[in-house]
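Enquirer: Take this sequence and fold it.
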Amino acid sequence: MLRKIRIIIAGLMLAGITLLFLDITGALHAWLGWIAKLQFFPAVMAVNLGAVALLLLLTLLFGRIYCSVICPLGIFQDILSRLGKKRRFGYKPERKWLRYGVLALFIAALVAGVQVFVAFIEPYSAYGRMVQNLLAPLWDWGNNLLAWISARAGAYAFWPKEVWLRSLPTLIVAVVTLVALAILAIKGGRAYCNNICPVGTMLSLVSRFSMFRPVIDTSKCKNCGSCARQCKASCINAKEHKIDYSRCVDCFDCIDDCKFGALRYRFAWGRKKASGTAEGDSGRRAFLTVSALAGGSLLAKAQEKKTDGGFAQILPKTRPQRKTPITPAGSFGPKHFYDTCTACQLCVAACPNNVLRPSSSLEHLMQPEMSYEKGYCRPECTKCADLCPAGAIFPLTPELKSAIHIGIASVDRSLCVVETDGVSCGNCARHCPAGAIQMVRKDPDDEDSLMIPSVDESRCIGCGACENLCPARPLSAITVNGRSNHIID
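Expert: Okay, here's the model as predicted:
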């Protein structure tokens, strides 16, 4: 019964977090956004003390139930392990040197600001990248097929969505992650969770002392070893009737499989080690040491036009070289954003204007960056700020967002169509929501001179409307560079 309840809740949680990355309309984010904020590491980064305290309390009460019910990567591993043949597992001793070594590297990378390593092994971010880069394109193509069928039937229940490659390096990382997880899950069950995952290791320090645990009744046990063979965490030592609770993920497979009723999930505080626990003084020392270290460190498109209305093809825009990267309003600036972002890709998936995409630079690999080739950051849109579970982008209202200056536009007159084609334009000035661009005479002394854009930097908010809507190709005549520190009017 416990196993069935666990599977149902885990299935609902996995479906919810997956739909957050696939939702085209954005309607589900208001209902399911709390699932993302309940993920352990993003909650730590956001200093979401309520969520962290809740997860730690759940672990102290019931063990690592988080890994089997809430963490999408943990649930996904269970699915992967079922894809191959019915595999029999077996007890394997804990690899402390690997578990705590990876955790130490994870914390060191976090403190040193090496976010690439942090994002690569953090479970929620890894799952988000796989969904956004591998599943979302298939989902969008399916939507586009339905839109095509709907349009042919004279209905418009669906509308097409552009499918484009946001970042080749991030796609490659997603593929490698999926292949590695599949191999580990099929061969070793929860090998990733109990040897590599830093969240699993941190929670294991608490789960050693959990209140409710699977307990082996030695008077009923027939030493058949069936429980150990079913244990995907490889934490049951059937010969010695011991369970390593630091690795047990509370899947309840062993309880469901035992034909003799020798395994029960029960209150176990104060019971002797012989009843099935693998804790001791070394475990307590590890708990206190690593917890102190970890705690101190973690707290210190609309459719794109393809022609010009006739038969001339519109060249795609080329991304300019920006002096300073642009980060979303609510992130305070690049430093805070990149120090806090876990590269989960949720904001990339939710951005309705195709402004956010994973960075391809080595320094910020897989972390989102803003660019305006596909669209611009509309002042009224706050999707990324509403959804960010890690605190890299703080929630804000549309009114506050309109007052935040995230970048500065600059004009390259040699690229402007006024210079290259000798025609009037003014597209940038007409569409600037902040009124920061004025058209001035190219030749101040000639009243018939063509008008060219001039930017008032004090009014520019860096939304990118001018850069995106500039008709110059392949580079826009106006480029937005980010501000090192965002300014609020």
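Enquirer: C-alpha only now, for contacts and for neighbours.
Expert: Noted.
Enquirer: any idea how far residue 448 is from residue 412?
Expert: Counting by CA to CA, to the nearest Å, the separation of residue 412 from residue 448 is 22 Å.
Enquirer: again, but for residue 269
Expert: Counting by CA to CA - residue 269 and residue 448 are separated by 88 Å.
Enquirer: Using just helix, strand and coil, how would you label the residue nearest the centre of the chain?
Expert: Nearest to the geometric centre of the chain sits residue 344, at 1.3 Å (CA atoms, centre = their mean). When classified by DSSP: H, G, I helix; E, B strand; the rest coil, residue 344 comes out as coil.
Enquirer: One more: residue 146?
Expert: Classification of residue 146 using three-state DSSP returns helix.
Enquirer: Check what pLDDT the residue nearest to it when sequence neighbours are not counted gets.
Expert: When the adjacent residues along the chain are set aside, residue 146 lies closest to residue 158, with 6.5 Å between them (CA to CA, 6 or more residues apart in numbering). Residue 158 is assigned 84 on the pLDDT scale.
Enquirer: Also residue 245?
Expert: So residue 245 comes in at 92 (pLDDT).
Enquirer: Repeat that for residue 286.
Expert: If you check residue 286, the pLDDT there is 48.
Enquirer: and what of residue 83?
Expert: Here, the pLDDT recorded for residue 83 equals 78.
Enquirer: give the contact list for it.
Expert: In this structure, residue 83 makes contact with residue 186, judged by CA atoms under 8 Å, 6 or more residues apart in numbering.
Enquirer: Look up the closest residue to residue 191, ignoring the ones flanking it.
Expert: Nearest residue to residue 191, sequence neighbours excluded (CA to CA, 6+ apart): residue 184, at 6.0 Å.
Enquirer: Make sure the one you found is indeed in a helix.
Expert: Yes. Counting by three-state DSSP, residue 184 falls inside a helix.
Enquirer: Quickly note the distance from it to residue 439.
Expert: 61 Å.
Enquirer: got the contact list for the residue nearest to the centre of the chain?
Expert: Here residue 344 is in contact with 119, 124, 125, 126, 127, 128, 129, 367 (criterion: CA under 8 Å, 6+ apart).
Enquirer: let's go with 7 Å and repeat that
Expert: 124, 125, 126, 128, 129 (CA atoms under 7 Å, 6 or more residues apart in numbering).
Enquirer: do the same with residue 434
Expert: 459, 460, 461.
Enquirer: Need the buried ones from the residues you listed selected in PyMOL.
Expert: Selection of buried members from the contacts of residue 434 for PyMOL, criterion 16 or more other CA atoms under 10 Å:
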select buried, resi 460+461
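Enquirer: Among the contacts of residue 434, which one lies nearest to residue 40?
Expert: Residue 40 lies nearest to residue 461 out of the contacts of residue 434, by CA to CA, at 33.8 Å.
Enquirer: what's the closest non-adjacent residue to the closest one?
Expert: residue 405 (4.0 Å).
Enquirer: three-state assignment of the residue nearest to residue 146?
Expert: Quick answer, by three-state DSSP: residue 158 is coil.
Enquirer: For stretch 392-410, give me every contacting residue.
Expert: 326-327, 329-331, 336-337, 340-341, 379-382, 385-386, 455, 457, 460-462, 478-483, 486-489.
Enquirer: Just the terminal-to-terminal distance for it.
Expert: Using CA to CA, the end-to-end distance of stretch 392-410 comes to 27 Å.
Enquirer: Stretch 55-73 now?
Expert: With CA to CA, one end of stretch 55-73 sits 16 Å from the other.
Enquirer: picking up where we left off before, closest to residue 30 among the contacts of residue 344?
Expert: Closest to residue 30, out of all of these and judged by CA to CA, is residue 128, at 18.2 Å.
Enquirer: you'd agree the closest one is up against residue 345?
Expert: Yes. Between residue 128 and residue 345 there is a contact under CA atoms under 7 Å: 5.9 Å.
Enquirer: Between these two, tell me which one has more neighbours.
Expert: The residue with more neighbours, out of residue 128 and residue 345, is residue 345; 27 against 23, by other CA atoms under 10 Å.
Enquirer: can you pull the contacts of the more buried one?
Expert: 128, 129, 132.
Enquirer: mind showing which ranges of the stretch 1-150 of the chain have poor pLDDT?
Expert: Counting by pLDDT under 70, the stretch 1-150 of the chain has low-confidence residues at 84-87.
Enquirer: quick one: the helices in it?
Expert: With DSSP state H, counting those that start in this stretch as the criterion, the stretch 1-150 of the chain has helices at 2-22, 29-37, 40-45, 49-62, 65-69, 72-83, 96-112, 115-121, 123-130, 136-152.
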